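**Student:** need coordinates for the below:
(2 chains)
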Number of protein chains: 2
Amino acid sequence: MEVKEYVLSIANRAKRASRILANVSTEVKNRVLQIAAEKLIEYTQRIKEENQKDIEAGERKGLSKAMLDRLYLDEKRIKSMVDSLKDVISLPDPVGEIVKMWRRPNGLLVGKMRVPLGVVAIIYESRPNVTIDAASLCIKSGNAVILRGGSEAINSNRILVDVMREALGEVGLPQDAVIFIDVPDREVVLELLKLDEFIDVVVPRGGESLIRFVAENSRIPVVYHYKGVCHTYVDEFANLDMAERICFNAKVQRPGVCNAMETMLVHSKIAHLFLPRMCKKFMEAGVELRGCERTREIVPEVKPATEDDWYAEYLDLILAIKVVESLEEAIDHINHYGSHHSDAIVTDNYENAMKFLREVDSAACYVNASTRFTDGFEFGLGAEMGISTQKLHVRGPMGLEDLTCTKYIVLGCGQIRE
Amino acid sequence: MEVKEYVLSIANRAKRASRILANVSTEVKNRVLQIAAEKLIEYTQRIKEENQKDIEAGERKGLSKAMLDRLYLDEKRIKSMVDSLKDVISLPDPVGEIVKMWRRPNGLLVGKMRVPLGVVAIIYESRPNVTIDAASLCIKSGNAVILRGGSEAINSNRILVDVMREALGEVGLPQDAVIFIDVPDREVVLELLKLDEFIDVVVPRGGESLIRFVAENSRIPVVYHYKGVCHTYVDEFANLDMAERICFNAKVQRPGVCNAMETMLVHSKIAHLFLPRMCKKFMEAGVELRGCERTREIVPEVKPATEDDWYAEYLDLILAIKVVESLEEAIDHINHYGSHHSDAIVTDNYENAMKFLREVDSAACYVNASTRFTDGFEFGLGAEMGISTQKLHVRGPMGLEDLTCTKYIVLGCGQIRE
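**Tutor:** Numbering: from 1, shown residues only, chains lettered A, B, ... in the order given. Here you go, the predicted structure:
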């Protein structure tokens, strides 16, 4: 009962703040972000001290090196939060934009106007910079945000939230536009997910189990992706040098992220030319290769792949490889085994490129580029709230504009319906 | 277990059909709709016979006159389904549209392309024309549709679905792009709502209890509105003749629909001028009036309103009336008591009009027009799948474009991420 009341009071405060935020000018919202940027620099020492507490607690709990690295803040990482705030300042304010407007035969002007969603909740793990990214995107788009970070980052998140709240306070805006859930209890999340009258959207970011928990228990619309099983298909008409560069980058540059390649598909007509050089390069970089039989006929060092490999999100230096007979087979494989996240074709053939773009059912479909670009910043949206592989509202990186919706405005001069 | 298998097989068939529908040319999709229009005329007699079975069953079950009227089909109503098909043919095909495209500093072209949602399920009551509207909008937007009509219209719906399926078959498209759930059992709906891997969106249309049942039990995103508590605010700067016409139309022209006015708000400065004439006109039309104390001081014939009246969706010739001190009070009242559906201001003051448009949190905000225009056809969207008062994906009437989503397409020339 206590948890219920705590969560309800937070949701209530956020909702009240959201009504004010919705009507704040771009100038004032940018001022908040500017002040926050200055405070981040001013408070660098304190932020590092709070972060140190999390690091020490994490070490005691035996967190992995990778986890501790994600948690860690130094001057450079604090500086990059400052840069990210400045990026958001420079983005156009989506609120109030008239997306389109048309005239009806009876003279009514009917238009669609962008307005904030209202209250956004984000449930995330480890990396403290998400706190600044989420808060700044929500403020700029006129939304209130409820932040529920991981318990392992609680001290770092707390001071970063304080920075944002102080900045709101200094320009006379309600501090509850950025509100932090300071209780590690999972029951809190469960209660939060029931409050569809207060919260307009929930964005879970983290491991698949967290995301499934949120998606399965939420009465509020959820924007999410479970995983990224990304493909690169090397077409029979590919420039093989380019294909090699793109596939290598997609797998090796940062294997632990959702837009890294997990399966490489190769057209049978060029497999004997392409696979030997490509596999050699991967093996030199320490990539474990698991291939279909035809791959293994060409490169015997490749281990055999099982059915499970086609579904796998390794997030590691492991790659599944399959030789396909046609573009159609490649597209079918991607739509069947993939996660509808990011998939690429390498080809010099125009028809094949267009067919791939049309028929691959993924949030981001690429021609002749690495799938690693699926990211709000790389797409030019500024920071991102998360990435969606769902179809409603937003598909792909969720940026500033996706934190708004449109309402109809209708301008008349006395029209009535006959 | 049997129900489970039946629903799963339907969802599976729809999903398979949707993959083909997604890539059909506008010309072929329009041919399907044209053939369906011709078949509706050809089958008029049979449709009337099937409809007669529903009418007789309804009479035996003791359905109300209003219900029977909604169910009833004659030449004129069949003709209007034909017209609605022709409207959909004339609408531009949203699929494949590049909504925007921009160039990144590294030369990547990043764009958003409209694609079908996939499989749409609609759960609706009584009116058989919804069958044709939903099927035609889904076909035109490249989606497969699962239709679950009310048991009272089952014979009418069955033959209308047959018309659409025959038309699909004649051009060689999979008939399962339009698929009908022929079992009245509510368990079927419950099973359907679990199939988020097959179905992309559910649209419930009907009474509030049906909609709540769907919204509360669905793991699939739901597009809906519970009710329409619509307001007209007569500002101190209103043209009172215009206000009288607009308010009368919004209440009386068709009181049983979701976009009819339920509460009228009147600025205190003009209340003594406006209320007597307006109330007289309403009372002459048989409208029961329930007002706040100040309303009753001016027009003593008005009955006293209770707190419940401000929340009420009468769907009848009943109107709540409140005198307010300011535009701000009117906006607060609408945002607090309303249903975020359709709300109007009548004013000649520019600032007040703009403030109302910005701050009223409703799917459709009007200046100087009747709220009765909130409708896909009236807004120029063609037919509609339903009306949404939610914020994600679509707000207001759900038309052809809202049956699509955008995916990112990224055109490179060998870009890799550094």
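
**Student:** next up, the contacts around the closest residue to chain B within the stretch 251-400 of chain A.
**Tutor:** Nearest residue of the stretch 251-400 of chain A to chain B: residue A:369, at 2.8 Å (CB to the nearest CB). Any C-beta I mention is one placed from the backbone N, CA and C, and that applies to glycine too. Taking CB atoms under 8 Å, 6 or more residues apart in numbering or on different chains, we find residue A:369 in contact with A:246, A:344, B:108, B:410-416.

**Student:** what's in contact with stretch A:345-359?
**Tutor:** Contacts of stretch A:345-359 with the rest of the structure, by CB under 8 Å, 6+ apart, involve A:232-235, A:237-239, A:242-243, A:246-247, A:327, A:330-331, A:335, A:365-368, B:22-23, B:96, B:113, B:409.

**Student:** weed out the non-buried ones from these.
**Tutor:** Buried by 16 or more other CB atoms under 10 Å in any protein chain shown: A:232-235, A:237-239, A:242-243, A:246-247, A:327, A:330-331, A:365-368, B:22, B:96, B:113, B:409, out of the contacts of stretch A:345-359.

**Student:** hmm, back to that, among the contacts of residue A:369, which two are most distant?
**Tutor:** The distance between the two most remote of the contacts of residue A:369 (CB to CB) is 14.7 Å, for B:411 and B:416.

**Student:** okay, domains of chain A per the record?
**Tutor:** Domain assignment of chain A by automatic domain parsing yields the ranges A:2-100+A:117-223, A:230-373.

**Student:** what helix or strand is the residue nearest to residue A:303 when sequence neighbours are not counted on?
**Tutor:** Using CB to CB, 6 or more residues apart in numbering or on different chains and skipping the chain neighbours, the partner closest in space to residue A:303 is residue A:290 (4.9 Å). Using DSSP states H and E, residue A:290 sits in strand A:288-291.

**Student:** buried ones in that strand, by neighbour count?
**Tutor:** By 16+ other CB under 10 Å, the buried positions in strand A:288-291 come out as A:289-291.

**Student:** which pLDDT value belongs to residue A:1?
**Tutor:** Confidence at residue A:1, expressed as pLDDT, is 61.

**Student:** over to residue A:215?
**Tutor:** For residue A:215, the pLDDT comes out at 89.

**Student:** list the contacts of it.
**Tutor:** Counting by CB under 8 Å, 6+ apart, residue A:215 touches A:204, A:222, A:224.

**Student:** out of these, who's nearest chain B?
**Tutor:** residue A:222 (8.9 Å).

**Student:** what sits up against the helix or strand hosting residue A:147?
**Tutor:** Secondary structure from DSSP H and E places residue A:147 in strand A:144-148. Contact with strand A:144-148 is made by A:10-11, A:14-15, A:17-18, A:21, A:118-124, A:131, A:134-135, A:138-139, A:157, A:161, A:176-181, A:188-189, A:192, A:199, as judged by CB under 8 Å, 6+ apart.

**Student:** distance from it to the middle of the chain?
**Tutor:** A distance of 16 Å separates the centroid of the chain from that of strand A:144-148, by CA atoms, centre = their mean, to the nearest Å.

**Student:** partners of it, with directions?
**Tutor:** Take DSSP bridges as the rule and strand A:144-148 pairs in its sheet with strand A:119-124 (parallel), strand A:178-180 (parallel).

**Student:** does the residue of the stretch 251-400 of chain A closest to chain B have beta-bridge partners, and which?
**Tutor:** Here residue A:369, judged by DSSP bridges, has bridge partners residue B:415.

**Student:** how far away is it from residue A:353?
**Tutor:** Taking CB to CB, to the nearest Å as the measure, residue A:369 and residue A:353 are separated by 11 Å.

**Student:** which parts of stretch A:40-49 are buried?
**Tutor:** A:40, A:43-44, A:47-48.

**Student:** related to what we said a few turns ago, what subset of the contacts of strand A:144-148 is buried?
**Tutor:** Applying 16+ other CB under 10 Å to these flags A:10-11, A:14-15, A:17-18, A:21, A:118-124, A:131, A:134-135, A:138-139, A:157, A:161, A:176-181, A:188-189, A:192, A:199 as buried.

**Student:** at which residues are the helices of the stretch 151-300 of chain A located?
**Tutor:** Ranges of helices within the stretch 151-300 of chain A are A:154-170, A:186-192, A:208-217, A:240-252, A:268-284, A:293-298, based on DSSP state H, counting those that start in this stretch.
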